[in-house]
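1. Provided below are the primary sequence and the corresponding predicted coordinates.
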Amino acid sequence: QGQLVESGGGLVQPGGSLRLSCVASGFSLDYYPVGWFRQAPGKEREAISCSSFSDGSTYYSDSVKGRFTASRDNANNTVYLQMNSLKPEDTAVYYCATDCLYSLTMSTGGYTYWGQGTQVTVSS
């Protein structure tokens, strides 16, 4: 049974940085596009990045472009999200999932694997 487990969230001051990790077990990330998503209180879940499994491309939402960097370590079956210049509006629960769409829209077909989430709070 495959699963994704995120870690690395926490409380950080505005302007600070965090790196989230997402470890896959029971399956290989090699064959899936993998994305990061977030959901802030009272808001809909949004896709913020999607990384290709084939050509190394990564797509970012306008809200995080230039500040967040997603990366893949297929050897360790792990993906990362480096978050810099954090803002209070980045406060959310962050999730990783397979089967993201490069358009960064939410899939109507579902996601094969979806993590449990990690809380990121940006506050002074």
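-> Alright, I've got the coordinates. Numbering: from 1, shown residues only.

2. so where does Leu104 fall, helix or strand?
-> For Leu104, there is no enclosing helix or strand under DSSP states H and E.

3. And it, how close does it get to Thr121?
-> Applying CB to CB, to the nearest Å, the value for Leu104 to Thr121 is 23 Å. In this view, the C-beta of every residue, glycine as well, is placed from N, C-alpha and C.

4. Looking at those two, which one has more neighbours?
-> Per other CB atoms under 10 Å, whichever of Leu104 and Thr121 has more neighbours is Leu104, with 18 against 15.

5. give the contact list for that one.
-> Residues counted as contacts of Leu104 (CB atoms under 8 Å, 6 or more residues apart in numbering) are 35, 46-50, 59-61.

6. and the two most separated of the residues you listed?
-> Largest separation among the contacts of Leu104 by CB to CB: Glu46 and Tyr59, giving 13.1 Å.

7. beta partners of Tyr94?
-> Legend: beta-bridge partners of Tyr94 under DSSP bridges are Arg38, Thr118.

8. wait, it sits on Thr121?
-> No - if you go by CB atoms under 8 Å, Tyr94 and Thr121 don't touch, sitting 10.9 Å apart.

9. Need the overlap of contacts for the two.
-> Common neighbours of Tyr94 and Thr121 (criterion: CB under 8 Å, 6+ apart): Gly9.
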